[in-house]
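Peer 1: Structure of the sequence below:
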Amino acid sequence: MQLPLHIIDAFTSERFKGNQAAVVLLQAWLADPLLQSIAAENNLSETAFLVWSAERSAFEIRWFSPLKEIAFCGHATLASAFVLFEADPARGVIAFWAAAVGQVSATREPGGRIRMSFPRRDARVLDEPPAALLEGLSPAPSAWLVNQQAYVAVYETEDEVRAVTPDLQRLKTLGPLDVVVTGPAAAGAFHDFVSRYFWPANGGDEDPVTGSIHAALAPYWAVRLGRNELVAHQASRRSGTLFCEVTASSVEVAGHCVRYLTGTITL
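Peer 2: Numbers count the residues shown, from 1 in each chain. Next up, the predicted model:
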């Protein structure tokens, strides 16, 4: 069996930046252990697998890190939309469906940027953080939040976010939840807020760019900053830029992609 493989740098206009995702289009679902083995072999933050569903009129999408299946992944969805738009430039809108989040749409904008519509996943205030969380980040944040995906540690400055040192062994014990640190942008920056994302229990040490968590971060910063259109910067080593718009029921997250590789998986 041979399967087409696409590796895409997502949330960037510059190759070797953003977050790499592998995209594999299937005719039908393969066994879960085989999907996991392919993702482990790719050894990227996520591999997205797609199967067209006539019943849903959407591409069913599943995401696997090298360690396990992930409930929701933004950058690999963006990469998948990029592959599909590139294959069929006449497409206007692409619908994806995933069990954990329902339907996600992707629209190609003028200039090549792709906009996705995510359901809001607002974070709530966390009054009593678990000990491993308190001990797992240095320096300590000014506030704690949590949603269904991750603990959110809020800092007062961008410099503090960039300086955070995680104790990954302690953070790993918090699984299945991950940990994101965030703060307002430095004065004069192009972006409005920054983040970094640690997920040792589910995929790796630090994720380069995490589209899904902006379904929580964008609503939080929209309230803090008093506007619904925001530019986010993930301050990882590779870095990435996300253009966010918050509505009453959704978070629109947009970004660019760059193709890195086209290949074939032989099974």
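Peer 1: which residues does Lys17 contact?
Peer 2: For Lys17, the contacting residues are 9, 238-240, taking Cβ atoms under 8 Å, 6 or more residues apart in numbering as the criterion. C-betas here are computed from N, CA, C, even on glycine.
Peer 1: Pro176: which of the residues you listed is nearest?
Peer 2: Proximity of these to Pro176, judged by Cβ to Cβ, is greatest for Gly240, which lies at 23.7 Å.
Peer 1: wait, isn't the closest one in contact with Ala21?
Peer 2: No - between Gly240 and Ala21 there is no contact under Cβ atoms under 8 Å: 11.6 Å.
Peer 1: State the pLDDT value of Gly92.
Peer 2: Looking at Gly92, its pLDDT reads 87.
Peer 1: Next one: it from Ala81, what distance?
Peer 2: As for Gly92, its distance to Ala81 is 12 Å (criterion: Cβ to Cβ, to the nearest Å).
Peer 1: Show me where the protein has its helices.
Peer 2: Shown for the chain, the helices assigned by DSSP state H span residues 32-42, 74-87, 131-136, 158-163, 168-172, 214-225.
Peer 1: Name the stretch among those helices that sits most buried.
Peer 2: Per-residue neighbour counts averaged over each of these give the maximum for helix 74-87, namely a mean of 26 (mean count of other Cβ atoms under 10 Å).
Peer 1: Out of the contacts of Lys17, name the ones that lie in strands.
Peer 2: Using DSSP state E, the members of those that fall within strands are 9, 240.
Peer 1: Please render the contacts of Lys17 as a markdown table that adds distance to Gln149 and neighbour count to the earlier fields.
Peer 2: Listed next are the contacts of Lys17 as a markdown table, based on distance: Cβ to Cβ, whole Å; neighbours: other Cβ atoms under 10 Å:
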| residue | distance to Gln149 | neighbour count |
| --- | --- | --- |
| Asp9 | 23 | 27 |
| Arg238 | 21 | 18 |
| Ser239 | 21 | 17 |
| Gly240 | 18 | 25 |
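Peer 1: Would you reformat the contacts of Lys17 as TSV and include pLDDT?
Peer 2: Compiled in TSV, the contacts of Lys17 are given as follows (pLDDT from 0 to 100):
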residue	pLDDT
Asp9	98
Arg238	97
Ser239	97
Gly240	97
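Peer 1: Tell me which two in the contacts of Lys17 are the farthest apart.
Peer 2: Looking at the contacts of Lys17 by Cβ to Cβ, the two members farthest from one another are Asp9 and Ser239, with 11.2 Å of separation.
Peer 1: Spit out the residues that contact the two alike.
Peer 2: Looking at what touches both Asp9 and Ser239 (by Cβ under 8 Å, 6+ apart), the common residues are 17-18.
Peer 1: what about the closest residue to Leu67 other than its chain neighbours, how many residues close to it?
Peer 2: On the basis of Cβ to Cβ, 6 or more residues apart in numbering, the spatially nearest residue to Leu67 that is not a chain neighbour turns out to be Gly203, at 5.8 Å. Each residue near Gly203 was counted by other Cβ atoms under 10 Å, and the total is 24.
Peer 1: ok, now the one 5 residues further on?
Peer 2: For Pro208, the tally of surrounding residues (other Cβ under 10 Å) stands at 24.
Peer 1: Likewise for Val93?
Peer 2: Taking other Cβ under 10 Å as the criterion, the count of residues near Val93 is 12.
Peer 1: can you check Phe193 too?
Peer 2: The local packing of Phe193 (other Cβ under 10 Å) involves 25 other residues.
Peer 1: Contact partners for it?
Peer 2: By Cβ under 8 Å, 6+ apart, the contact list for Phe193 reads 182-185, 217, 221, 225, 230, 232-233.
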